[in-house]
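In: Pasting the sequence and the predicted model now:
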Amino acid sequence: MPQIIFLPHDEICPEGAVIEAEPGTTICDAALENDIEIEHACEKSCACTTCHVIVREGFDSLNEASDAEEDLLDKAWGVEPDSRLSCQAEIGEEDLVVEIPKYTINMVSENRKESE
């Protein structure tokens with residue numbers, strides 16, 4: 001089963017994380033199933049960019065991005081050539097290294113925990 005290595009993110013997973021996921025699962029679903037709270041304001045319907053991630057390793061093993069996803073990525077903050085919407089990026093057979101960008105277009109989230 002492929003592993004997804006999430007690089008440290010100050011708010012979402014400060015220590016980083018290593019999880020396993022079934023091929024065909026989206027990066028977003030795999031993260032959420034493992035308590036990595038990636039934002040997904042449109043409820044994973046490919047209608048926003050809050051779940052934007054950068055795939056540092058294993059990008060070519062993912063399913064191909066749709067035209068709709070590509071159009072949305074043009075609006076994402078900090079987009080790079082290996083950016084994907086995690087709700088659309090289906091895991092293949094290879095391990096992945098994923099970076100969750102520091103910012104999203106949706107800077108305020110009702111689900112975000114306030115600093116204690």
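Out: Thanks, I have it. Residues are numbered from 1 along each chain as shown.

In: next helix or strand past the strand ranked longest in the chain?
Out: The residue-count maximum for a strand in the chain (DSSP state E) belongs to strand 52-57. Per DSSP states H and E, the first helix or strand lying C-terminal to strand 52-57 is helix 67-73.

In: pLDDT on the helix or strand following that next one, on average?
Out: Using DSSP H and E, the helix or strand that directly follows helix 67-73 along the chain is strand 83-85. The average pLDDT within strand 83-85 is 98.

In: The helix or strand following strand 83-85 packs against which elements?
Out: The helix or strand immediately downstream of strand 83-85 is strand 96-99, counting by DSSP H and E. Strand 96-99 is packed against strand 3-6, strand 52-57, with contacts defined by 3 or more Cβ pairs under 8 Å, 6 or more residues apart in numbering; DSSP states H and E. C-beta here means a position set from N, CA and C on the backbone, and glycine is covered the same way.

In: closest one to Lys44 among those?
Out: With Cβ to Cβ as the criterion, Lys44 lies closest to strand 52-57 of the helices and strands packed on strand 96-99, at 12.8 Å.

In: The residue lying closest to Ile19 once chain neighbours are set aside: neighbour count?
Out: Distances taken as Cβ to Cβ, 6 or more residues apart in numbering put Asn34 closest to Ile19, at 4.4 Å, once the chain neighbours are dropped. With neighbours defined by other Cβ atoms under 10 Å, the count for Asn34 comes to 16.

In: per-residue confidence at Asn34?
Out: We have a pLDDT of 97 for Asn34.

In: measure stretch 86-99 end to end?
Out: Stretch 86-99 stretches 11 Å from its first residue to its last (Cα to Cα, to the nearest Å).

In: scratch that, stretch 42-49 is what I was asking about
Out: With Cα to Cα, one end of stretch 42-49 sits 9 Å from the other.

In: Thr104 is in contact with Thr49, isn't it?
Out: Yes. Checked against Cβ atoms under 8 Å, the pair Thr104 and Thr49 is within contact range at 6.7 Å.
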